[in-house]
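Student: give me coordinates for this.
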Amino acid sequence: MEINVFLSMLLYIAAIVLVIVFIIVGIKLIGILDKADKVIDNLDEKVHSFDNAFNVLSKTADGFANISNSFMFSVSSAISKIFKRKIKEED
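Tutor: Below is the predicted model:
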């Protein structure tokens with residue numbers, strides 16, 4: 001009977017130690033998560049500061065694309081008019 005009491009006491013002590021260890025680990029994990037949250041917030045602010053720069057670059061690229069498309073349309077129209085004249089002259 002004494003062995004049963006001893007083993008149950010040993011089991012209770014081990015359970016108490018494990019609960020204390022889990023509480024300590026949980027507190028440390030909460031601290032780590034707070035630090036990670038601060039880092040993520042800081043990174044998010046930096047990314048949002050670059051959004052304006054990327055928007056300016058995007059609008060500039062779109063402007064150059066529109067100018068390029070207009071130029072290419074003008075050139076292709078001129079070339080097609082020249083070929084249409086040559087085809088009409090040959091008829």
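Student: what ranges in the chain fall below the confidence cut-off?
Tutor: Residues of the chain meeting the criterion pLDDT under 70: 1, 86-91.
Student: recalculate using a threshold of 90.
Tutor: 1-6, 45-57, 75-91 (pLDDT under 90).
Student: please, where are all the helices along it?
Tutor: 2-90 (DSSP state H).
Student: check which residues of stretch 30-45 are buried.
Tutor: The neighbour-count check on stretch 30-45 (16 or more other Cβ atoms under 10 Å) flags nothing as buried. C-betas here are computed from N, CA, C, even on glycine.
Student: could I get the CA-only coordinates of it as CSV?
Tutor: In CSV, the C-alpha atoms belonging to stretch 30-45 read as follows (Å, rounded to 0.1, in the frame of the first residue of the first chain):
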residue,chain,number,x,y,z
ILE,A,30,3.2,35.5,-25.1
GLY,A,31,6.3,37.7,-24.8
ILE,A,32,7.6,36.3,-28.0
LEU,A,33,4.3,36.9,-29.8
ASP,A,34,4.2,40.5,-28.5
LYS,A,35,7.7,41.1,-30.0
ALA,A,36,6.7,39.5,-33.3
ASP,A,37,3.6,41.6,-33.4
LYS,A,38,5.6,44.7,-33.0
VAL,A,39,8.0,43.6,-35.7
ILE,A,40,5.1,42.8,-38.1
ASP,A,41,3.5,46.2,-37.4
ASN,A,42,6.8,48.0,-38.1
LEU,A,43,7.2,46.0,-41.3
ASP,A,44,3.6,46.8,-42.3
GLU,A,45,4.3,50.6,-41.8
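Student: and it, how far from the chain's centre?
Tutor: 15 Å (Cα atoms, centre = their mean, to the nearest Å).
Student: likewise stretch 16-28?
Tutor: With Cα atoms, centre = their mean, you get 35 Å for stretch 16-28.
Student: contacting residues around that stretch?
Tutor: Here stretch 16-28 makes contact (Cβ atoms under 8 Å, 6 or more residues apart in numbering) with no residue beyond itself.
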